[in-house]
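>>> Curious how this folds, go ahead:
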Amino acid sequence: MILSVSRRTDIPAFYSDWFFNRIHEGYVDVRNPMNAHQVSRIKITPDVVDCIVFWTKNPYNMLMRLDELKEYNYYFQFTINPYDKQIEKNVPFKTTILETFSKLSQQIGSNRIIWRYDPILITDKITVAYHVKYYEELAKRLESLTTKCVISFVDLYKKTITNTKIINLQEPSQSEMRYLAEKFVNIARKYGIQVLSCAESINLSEEGVEHGCCIDPNLIEDICGYHIDVKKDKNQREECGCVESIDIGAYNTCCHACAYCYANFNNEKVRSQSSKHHKNSSLLIGDLSEDDVIKIRKVGLLKSHRLF
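Sure, this is the predicted structure:
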């Protein structure tokens, strides 16, 4: 099993104590996003987890506790964007985030920390030239700390448009996407970083950007030291190259308050949900009730018998 922690929220930043409690308990309960009283109980002991994929903008709270994961394989997707507090309200300042990135890389190795620069958006102030300038600033600071950068361009869902009216957010045009992709590749190459795209329909291979996988079977096999038998995740968008995983997060719980967020409906909903969290629950948010139906999810290692 590949454990996703989490596409839906930033567990390393806001709920790491809960996560480590679940690791020590050996299981986690996850509500079905489409049916709140349907709960999956998922065993998460090392004998059934091939790899954990963390998604975060700030894993600082985990740095001193990584030894508690010594029996697990894992890597981090770590987002660092060039945006200010108007867009990423509760994300720490860049100097702090870059220090955390450096410390994490030194602890786990540059091959197990992926820099995410996404979503790429345009506003009146954040122009194409702005992105080129600050991408180089960040790439320079991340030299030798990572080997890969994953990029994506903003998708204007209805809730995204509603939450970003104040900044006049715009989707980059195809010509802007191609221009930025080429610039990023040339910049990243100077610092030993490969640029990959995430769930993009546009083909940027001529600019030097191949389609990437955030839940990456090749990287997971390299980390684990064995082949895995796993299928493409049919629950993700067609453009997404990720393989199957089990996500233990919950929507409307990320407290970064990013204006472009896909996983939160609005900040009021997040405040309501996050207030129900406590670290000793088997659920990320709230507790089990008499109306809940718990089903044990069948899980196991994906290890293949093919020679590695």
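
>>> Can you pull up the most central residue in this structure?
With distances taken as Cα atoms, centre = their mean, W55 lies nearest the centre of the chain, 2.8 Å away.

>>> What residues are bridge-paired with it?
With DSSP bridges as the criterion, W55 is bridged to Q77.

>>> Can you name the residues that contact it?
S4, V5, S6, R7, D10, P12, F76, Q77, T79, C214 (Cβ atoms under 8 Å, 6 or more residues apart in numbering). For every residue, glycine as well, the C-beta is placed using N, CA and C.

>>> Next one: the first one relative to L145, how far apart?
Here the criterion is Cβ to Cβ, to the nearest Å. By it, S4 lies 23 Å from L145.

>>> Can you give me the distance of the residue nearest to the centre of the chain to R306?
Going from W55 to R306 by Cβ to Cβ gives 29 Å.

>>> same deal with N111?
N111 is 22 Å from R306, by Cβ to Cβ.

>>> So between the two, which is more surrounded?
N111 (14 against 9; other Cβ atoms under 10 Å).

>>> neighbours of the residue nearest to K276 when sequence neighbours are not counted, just the number please.
Spatial nearest neighbour of K276, excluding adjacent residues (Cβ to Cβ, 6 or more residues apart in numbering): G286 at 4.5 Å. By the criterion of other Cβ under 10 Å, G286 has 16 neighbours.

>>> same question, Q174
Q174: 11 surrounding residues under other Cβ under 10 Å.

>>> Show me the strands in the stretch 201-308 of the chain, by range?
Counting by DSSP state E, counting those that start in this stretch, the segments of the stretch 201-308 of the chain that form strands are 210-211, 246-247, 293-296.

>>> Please identify the deepest-packed of these.
strand 246-247 (a mean of 18; mean count of other Cβ atoms under 10 Å).

>>> Which residues does it contact?
Against strand 246-247 from outside (Cβ under 8 Å, 6+ apart): M1, I2, L3, S4, V5, S6, R7, R8, V30, I42, R297, V299.

>>> would you put the C-alpha positions of the one helix or strand M177 maps to in CSV?
Applying DSSP states H and E as the criterion places M177 in helix 174-190. The C-alpha coordinates for helix 174-190 follow below in CSV (Å, rounded to 0.1, in the frame of the first residue of the first chain):
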residue,chain,number,x,y,z
GLN,A,174,-0.6,28.4,-23.6
SER,A,175,2.2,30.7,-25.0
GLU,A,176,3.0,31.8,-21.4
MET,A,177,3.0,28.2,-20.2
ARG,A,178,5.5,27.3,-22.9
TYR,A,179,7.7,30.3,-22.3
LEU,A,180,7.8,29.7,-18.5
ALA,A,181,8.4,26.0,-19.0
GLU,A,182,11.4,26.7,-21.2
LYS,A,183,12.8,29.3,-18.9
PHE,A,184,12.4,27.1,-15.8
VAL,A,185,14.1,24.1,-17.5
ASN,A,186,17.1,26.3,-18.4
ILE,A,187,17.3,27.8,-14.9
ALA,A,188,16.8,24.4,-13.1
ARG,A,189,19.5,22.7,-15.2
LYS,A,190,22.1,25.1,-13.8
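
>>> Counting by contacts, list what the following helix or strand past it packs against.
Using DSSP H and E, the helix or strand that follows helix 174-190 in sequence is strand 194-197. Applying 3 or more Cβ pairs under 8 Å, 6 or more residues apart in numbering; DSSP states H and E, one finds that strand 194-197 contacts strand 148-153, helix 174-190, strand 210-211.
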